[in-house]
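Q: sequence and computational prediction follow.
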Amino acid sequence: MVEKPDRIESQQKLQAKRDSGMFSPISGSIKLLRRWWRTAVQAEIDQQAVIEKIKTDCSFTPRYAFLTCMSAGIAILGLLLSSPAVVIGAMLLSPLMYPIMGVGFALAIGDSHWLKDAGKALLLGTIIAISFSAFVVLMSPLQTVTPEIASRTRPNLFDLAVALFSGLAGAYAMIRGGMGTIVGVAIATALMPPLAVVGFGLATNNWAVFGGSLLLYFTNFMTIALTATVMAWLYGFRSYLSERQTQFQIFVMVVVFVGLAIPLGISLVQIGREANISRSANGYIKDEFGPRARVSQIDIDFNAEPILVTASVFTPTIKTGAEDQSSRFLSRTFNQAISVKIEQYRVETGNDAAKAELASKRLSEQQEAVETQVSDLRDRLALVAGVSGDDVIIDTAKRRAVVMAKPLPGASLSTFFVLEQRISSEMQDWAISIQPPAIALPAVRVLDGKIDEESVRQLELVIWAAHRSPLGLQMAGADPDFGIVARALAAANIFAVRATDLPAEPGTLEFQWRGPDNRETADD
């Protein structure tokens with residue numbers, strides 16, 4: 001009985017000795033910080049209210065499905081138009097952020113029912129967004145990979161970092177009640193545009209675009225969900241998980257982050273290497289030709305084997321062997337086969353080089369403007385004619401455009417005439433020709449030995465259509481009337497075959513299309 005107080009005293013002395021060690025100030029500060037965090041921060045959070053709010057917004061509802069469709073539609077149109085402002089508009093709706101946060105918080109507290117509900121909403125929203133985007137692309141005449149689309153096909157480690165910081169900000173906003181911040185988080189992570197690009201890749205069978213954008217979306221939503229889980233743990237949300245289950249969750253999270261970081265890190269290294277090659281190629285070629293020369297443009301094809309560098313240089317002196325020297329230098333510097341092709345344009349002085357470069361850029365801009373104009377014209381003609389862009393024939397040298405239209409519901413001969421006139425008025429330096437389909441031709445009336453005033457317009461439509469169509473014309477009517485209209489057609493270099501089996505009322509001339517082999521000269 002006497003030894004017990006002595007034992008307690010010795011233990012107290014031993015503990016005091018330990019506490020007075022080298023790291024005692026650090027351990028004491030950590031304890032104080034943890035105590036402050038529990039009492040001043042975690043205690044202020046109404047966990048039940050936060051959970052109920054997130055559960056309300058992360059379920060699959062008609063409103064959620066509608067916003068997902070609208071966001072996907074805006075995103076894919078902005079991507080096809082290469083308009084960053086329109087793409088940002090799609091991010092503002094941010095319908096997918098809430099179920100992703102729901103998944104993260106459900107994992108943190110171990111609520112399996114909530115996890116299934118949020119996961120279902122996320123899965124269905126993803127499918128809806130991809131399907132709707134693919135549908136819009138299939139209906140659109142624009143199906144080219146724009147810079148906005150291409151920028152979302154090569155995710156790297158920086159994208160993982162953006163998603164990580166955004167997940168921290170989003171979870172903090174939900175826990176602390178700043179729900180408006182979630183919109184900014186959605187813009188930062190850009191969940192919907194990558195999904196829209198996935199739909200684009202699916203619709204166009206471009207699997208490189210499909211896979212790259214899908215990896216970016218997977219990186220974003222997994223990182224945000226797991227970061228939300230960590231934030232919920234930090235804020236002390238009560239968990240129904242055992243310590244063993246929590247440790248297993250931590251292990252899985254580490255594996256996921258490492259699994260994402262490895263390919264994204266490799267991608268970042270590759271992007272950095274390409275940037276170094278581009279910078280070195282530009283600098284070496286400039287140094288090789290001297291200060292009086294101007295490097296107009298450098299293009300690098302990293303998919304070629306070997307890597308192909310193409311440059312245009314305005315120089316006072318043509319330098320032989322420049323391509324071989326540049327190839328050897330770059331290949332030796334980066335320990336990789338690199339081929340260089342240089343187009344040299346001789347100018348007298350450095351000022352001439354600058355002027356030549358400026359002229360080249362202006363010519364390039366003019367060519368790009370013409371290409372854009374031709375592309376727009378092709379799309380418009382394909383749209384009004386009801387055909388694909390490949391069916392539009394464009395001669396840029398003679399500035400002529402021809403398209404053979406298909407019959408459209410409710411479209412008459414006058415419809416195609418008006419459409420051609422409208423496009424021609426907007427493209428005044430182009431010769432536009434819309435070949436109408438073989439639809440009904442208007443009749444022409446003859447009164448008192450001359451064409452009726454109201455029928456003059458109808459005859460102009462017939463002449464317009466006959467000039468554009470490979471089909472011949474046949475016409476039926478009484479002898480005097482036939483001769484009057486036939487002479488009017490002949491004046492426009494149009495000849496119609498007389499048809500005896502085509503019914504016509506007195507004073508009325510009826511027209512009908514004939515095959516190209518039946519194009520004959522009519523009798524006056």
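A: Looks like it arrived, so ask away.

Q: which one is residue 434 nearest to, not counting chain neighbours?
A: The spatial neighbour of residue 434 that comes closest, neighbours along the chain excluded (Cβ to Cβ, 6 or more residues apart in numbering), is residue 420 at 4.3 Å. All C-beta spots, glycine's among them, are computed from the backbone N, C-alpha and C.

Q: doesn't residue 431 make contact with the one you found?
A: No: shown here, residue 420 and residue 431 do not form a contact pair, counting by Cβ atoms under 8 Å, at 10.5 Å.

Q: quick one: which of the two has more around it?
A: Neighbours per residue, other Cβ atoms under 10 Å: of residue 420 and residue 431, the larger number sits with residue 420, 22 against 12.

Q: how close does the more buried one sit to residue 372?
A: 22 Å (Cβ to Cβ, to the nearest Å).

Q: low-confidence stretches in the stretch 1-150 of the chain?
A: Counting by pLDDT under 70, the stretch 1-150 of the chain has low-confidence residues at 1-30, 33-34, 36-43, 94.

Q: ranges for the strands of it?
A: Chain-ordered strands for the stretch 1-150 of the chain, with DSSP state E, counting those that start in this stretch as the definition, do not occur.

Q: helices along that one, start to end?
A: With DSSP state H, counting those that start in this stretch applied, the stretch 1-150 of the chain shows helices at 3-19, 24-36, 47-57, 62-81, 84-93, 97-109, 112-139, 147-150, listed in chain order.

Q: nearest to residue 381, out of those helices?
A: When these are ranked by distance to residue 381, counting by Cβ to Cβ, first place goes to helix 112-139 at 17.5 Å.

Q: quick one, that closest one and helix 47-57 angle?
A: Compare the direction of helix 112-139 with that of helix 47-57 by axes from the mean of the first three to the mean of the last three Cα atoms, to 10 degrees and you get 30 degrees.

Q: gap between the closest residue to residue 406 other than its chain neighbours and residue 392?
A: Using Cβ to Cβ, 6+ apart and skipping the chain neighbours, the partner closest in space to residue 406 is residue 386 (4.2 Å). Computed with Cβ to Cβ, the distance linking residue 386 and residue 392 is 12 Å.

Q: which one's more surrounded, these two?
A: Here residue 386 and residue 392 are set side by side on neighbour count (other Cβ under 10 Å), and the busier one is residue 392, at 20 against 15.

Q: what's the separation between that one and residue 402?
A: When distance is defined by Cβ to Cβ, residue 392 is 8 Å away from residue 402.

Q: same deal with residue 461?
A: Counting by Cβ to Cβ - residue 461 and residue 402 are separated by 19 Å.

Q: same question for residue 412.
A: Distance of residue 412 to residue 402, given as Cβ to Cβ: 21 Å.

Q: can you check residue 506 too?
A: 39 Å.

Q: of these two, who's got more company?
A: residue 402 (16 against 8).

Q: next up, the contacts around that one.
A: Residues touching residue 402, when contacts are defined by Cβ atoms under 8 Å, 6 or more residues apart in numbering, comprise 392, 393, 394, 433, 435.

Q: how about the second one: what's its closest non-neighbour residue?
A: Same thing as residue 393. Nearest-residue entry for residue 393: residue 402, 4.6 Å, with adjacent residues in sequence omitted and distances by Cβ to Cβ, 6+ apart.

Q: can you give me the strands in the protein?
A: Along the chain, the stretches classed as strands by DSSP state E are 294-301, 307-315, 338-346, 393-395, 400-404, 431-435, 444-447, 450-451, 472-476, 496-498, 508-514.

Q: which parts of the fifth one are buried?
A: Of the residues in strand 400-404, those scored as buried under the neighbour-count criterion (16 or more other Cβ atoms under 10 Å) are 401, 402, 403, 404.

Q: over to stretch 396-416?
A: 399, 401, 402, 403, 404, 405, 411, 413, 415, 416.

Q: got the CA coordinates for it in PDB?
A: Taking Å, rounded to 0.1, in the frame of the first residue of the first chain, the C-alpha atoms of stretch 396-416 are listed here in PDB:
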ATOM      1  CA  THR A 396     -12.900  29.400-105.400                       C
ATOM      2  CA  ALA A 397     -10.900  30.500-108.500                       C
ATOM      3  CA  LYS A 398     -14.100  31.500-110.400                       C
ATOM      4  CA  ARG A 399     -16.000  32.200-107.200                       C
ATOM      5  CA  ARG A 400     -18.900  30.000-108.200                       C
ATOM      6  CA  ALA A 401     -21.100  27.700-106.100                       C
ATOM      7  CA  VAL A 402     -23.500  25.100-107.300                       C
ATOM      8  CA  VAL A 403     -25.800  22.800-105.400                       C
ATOM      9  CA  MET A 404     -28.500  20.400-106.500                       C
ATOM     10  CA  ALA A 405     -31.500  20.800-104.100                       C
ATOM     11  CA  LYS A 406     -33.700  18.000-102.800                       C
ATOM     12  CA  PRO A 407     -37.500  18.300-102.500                       C
ATOM     13  CA  LEU A 408     -38.300  19.900 -99.200                       C
ATOM     14  CA  PRO A 409     -41.800  19.700 -97.500                       C
ATOM     15  CA  GLY A 410     -43.700  22.900 -98.400                       C
ATOM     16  CA  ALA A 411     -41.000  24.300-100.700                       C
ATOM     17  CA  SER A 412     -42.100  25.500-104.100                       C
ATOM     18  CA  LEU A 413     -40.100  26.600-107.100                       C
ATOM     19  CA  SER A 414     -40.400  30.200-105.800                       C
ATOM     20  CA  THR A 415     -38.900  29.100-102.500                       C
ATOM     21  CA  PHE A 416     -35.600  28.000-104.000                       C
END
